[in-house]
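> Pasting the sequence and the predicted coordinates here, then a few questions.
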Amino acid sequence: MQPSNPSEMKNEATGYTHRQRVEAALNHKPADRVPLTMGSPSSSLHRDAHHNLLKYLGFSQSGPEIITDNILQIVKTDPRIIETFDIDLVWLLPHLPEVEWNEDRTELIDEFGRTFRAGGCFVNHVGVPFPEASFEALSRYSFPVLPKSLFAHLGAEAKNFYERGYGIGIDGPWGIYEISSSLVGLSEYMVTMAIDPELAIAIAEDVLEKYMIPFYELLLADTASYVNVVGISDDLGSQTGLLFSPAMYRKIFKPLHKRLIEFIRSKTDARIYMHSDGSIYDIIPDLIEIGVDGLNPVQYTAKGMELERLVREFGKDLGFYGGVVENEILSFSPPEEITELARRNVATLKQEKAFIFAPIHNISQEVPPENIVALYQAGLAFGKY
């Protein structure tokens with residue numbers, strides 16, 4: 001049940017609040033236009049792009065940018081940007097846990113014991129807590145204990161956004177496969193999946209029960225009645241296909257994703273959207289079966305992920321969030337090309353009235369601010385129903 005008596009901020013011209021636009025999309029119904037979003041772990045700005053955009057828009061830096069992901073170096077979106085682009089769906093994120101940096105802040109060890117090293121505009125994974133997968137190593141490993149203080153601000157933040165008429169999303173950590181493979185190393189985990197699937201399942205089950213479920217428990221403790229969308233994640237695709245066979249997905253991860261979704265549904269009526277990069281066409285029916293309501297980032301350049309095909313085959317069962325412009329074009333093409341591509345892709349994605357506007361991925365370091373402006377202006381111009 002939603003809290004009572006929200007202070008609705010309706011658009012005077014259309015009569016729609018931000019939240020009503022989001023709710024319409026989640027229910028496959030038209031509003032005045034598609035809802036726009038920015039600020040999730042997959043639709044934020046790299047700190048440099050964020051800084052450059054603020055400057056381009058004529059805003060001074062109001063304080064240090066709040067990093068929301070040490071690895072991707074994305075930041076909490078400045079409220080002035082949210083207002084400028086008339087963003088409808090805002091995102092709540094917990095604070096980052098403490099990590100151990102080296103003296104010159106080029107390397108860190110995180111709460112899992114994973115090592116990351118700065119390189120390029122990101123921080124790259126270079127070390128794992130137990131490099132040899134075994135039941136013995138798993139039994140000795142202690143999963144991080146999540147401090148409640150990381151989540152303490154979320155209830156008040158959710159209430160504030162709700163009373164201002166925004167749609168609200170909330171998002172969790174890396175996915176079950178992603179964390180599992182990061183604990184022992186990608187190649188080691190892939191080999192384990194093939195030659196010792198019971199060990200691969202045991203690692204993934206521990207990730208679910210000892211970390212993922214406690215995380216979502218805290219994430220939803222004070223926000224469940226406010227949020228419209230809950231995000232889950234697992235990058236399962238490459239540009240050309242799944243990282244492993246559909247059969248392996250169904251054996252190892254599908255039951256665990258189902259359990260996570262069932263847990264989230266026991267806490268909130270919000271819709272559940274799944275983030276998975278790449279070509280995941282072969283398992284989209286499986287995701288629908290276990291209760292996924294929508295997909296992100298809709299990476300249309302990957303094999304089998306053509307927008308027309310996805311909308312035609314799955315648009316009545318799934319919402320789509322993202323899918324407007326892929327990163328290379330956003331980074332290196334002129335604004336007019338971005339505008340035209342956004343026009344075409346929005347026209348396709350909004351056909352089933354269940355589209356949330358966003359770029360395919362986080363906006364990276366080198367994206368010119370004028371391209372970001374062109375992108376979101378296109379959403380406002382071409383997203384009308």
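Sure, I can see it.

> Looking at the helix or strand containing residue 264 now, give me its mean pLDDT.
Residue 264 belongs to helix 254-265 when elements are defined using DSSP states H and E. The average of the pLDDT scores along helix 254-265 is 98.

> repeat for stretch 371-380
Averaging the model's pLDDT scores along stretch 371-380 yields 98.

> list the buried ones in that stretch?
Buried positions in stretch 371-380, judged by neighbour count with 16 or more other Cβ atoms under 10 Å: 371, 372, 373, 374, 375, 376, 378, 379. All C-beta spots, glycine's among them, are computed from the backbone N, C-alpha and C.

> what does stretch 221-239 give?
Using 16+ other Cβ under 10 Å as the burial criterion, the residues of stretch 221-239 that qualify are 222-237.

> ok, now stretch 240-257?
Judged by neighbour count using 16+ other Cβ under 10 Å, the buried positions of stretch 240-257 are 241, 242, 243, 244, 246, 248, 249, 252, 253, 254, 256, 257.

> Which of the three states applies to the nearest residue to residue 102 once chain neighbours are set aside?
In this structure, residue 102 finds its nearest non-sequential neighbour in residue 108, 7.3 Å apart by Cβ to Cβ, 6 or more residues apart in numbering. Per DSSP: H, G, I helix; E, B strand; the rest coil, the secondary structure class of residue 108 is strand.

> Dump stretch 323-335 to CSV, keeping only the CA atoms.
Extracted C-alpha coordinates of stretch 323-335, given in CSV (Å, rounded to 0.1, in the frame of the first residue of the first chain):
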residue,chain,number,x,y,z
GLY,A,323,17.9,1.1,-25.6
VAL,A,324,18.0,4.6,-27.0
VAL,A,325,21.6,5.3,-28.1
GLU,A,326,24.6,3.1,-27.6
ASN,A,327,27.8,4.4,-26.1
GLU,A,328,30.0,4.7,-29.1
ILE,A,329,27.5,6.9,-30.9
LEU,A,330,26.8,8.9,-27.8
SER,A,331,30.5,9.5,-27.3
PHE,A,332,31.7,10.3,-30.8
SER,A,333,28.8,11.3,-33.1
PRO,A,334,27.4,14.8,-33.6
PRO,A,335,24.3,15.9,-31.7
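
> Tell me the spacing between residue 337 and residue 59.
Look at residue 337 and residue 59: by Cβ to Cβ, to the nearest Å, they are 26 Å apart.

> returning to what we had before: inside helices: which ones of the buried residues of stretch 371-380?
Per DSSP state H, helices hold the following members of the buried residues of stretch 371-380: 371, 372, 373, 374, 375, 376, 378, 379.

> contacting residues for the residue nearest to the second one when sequence neighbours are not counted?
Meaning residue 372. Across the structure, with Cβ to Cβ, 6+ apart as the measure, the residue nearest residue 372 apart from its sequence neighbours is residue 53 (5.5 Å). For residue 53, the contact set (Cβ atoms under 8 Å, 6 or more residues apart in numbering) comprises 45, 81, 369, 372, 373.

> Torsion angles phi and psi at residue 332?
For residue 332, the backbone dihedrals (degrees, to the nearest 10) come out as phi -120, psi 0.

> I misspoke; the intended subject was residue 357.
The phi and psi values for residue 357, taken as degrees, to the nearest 10, are phi -80, psi 130.

> Surely residue 113 touches residue 137?
No - the pair residue 113 and residue 137 fails to qualify as a contact (Cβ atoms under 8 Å) at a distance of 11.8 Å.

> for the residue lying closest to residue 78 once chain neighbours are set aside, helix, strand, or coil?
Of all residues beyond its chain neighbours, the one nearest residue 78 is residue 54 (6.1 Å), with distances taken as Cβ to Cβ, 6+ apart. The three-state label for residue 54, taken from three-state DSSP, comes out as helix.

> Give me the neighbour count for residue 54.
As a burial measure, residue 54 scores 20 neighbours (other Cβ atoms under 10 Å).

> isn't it right up against residue 65?
No - when contacts are counted by Cβ under 8 Å, residue 54 is not listed as touching residue 65 (9.1 Å).

> Tell me which residues touch residue 227, please.
For residue 227, the set of contacting residues under the criterion of Cβ under 8 Å, 6+ apart consists of 92, 158, 168, 169, 170, 220, 268, 270.
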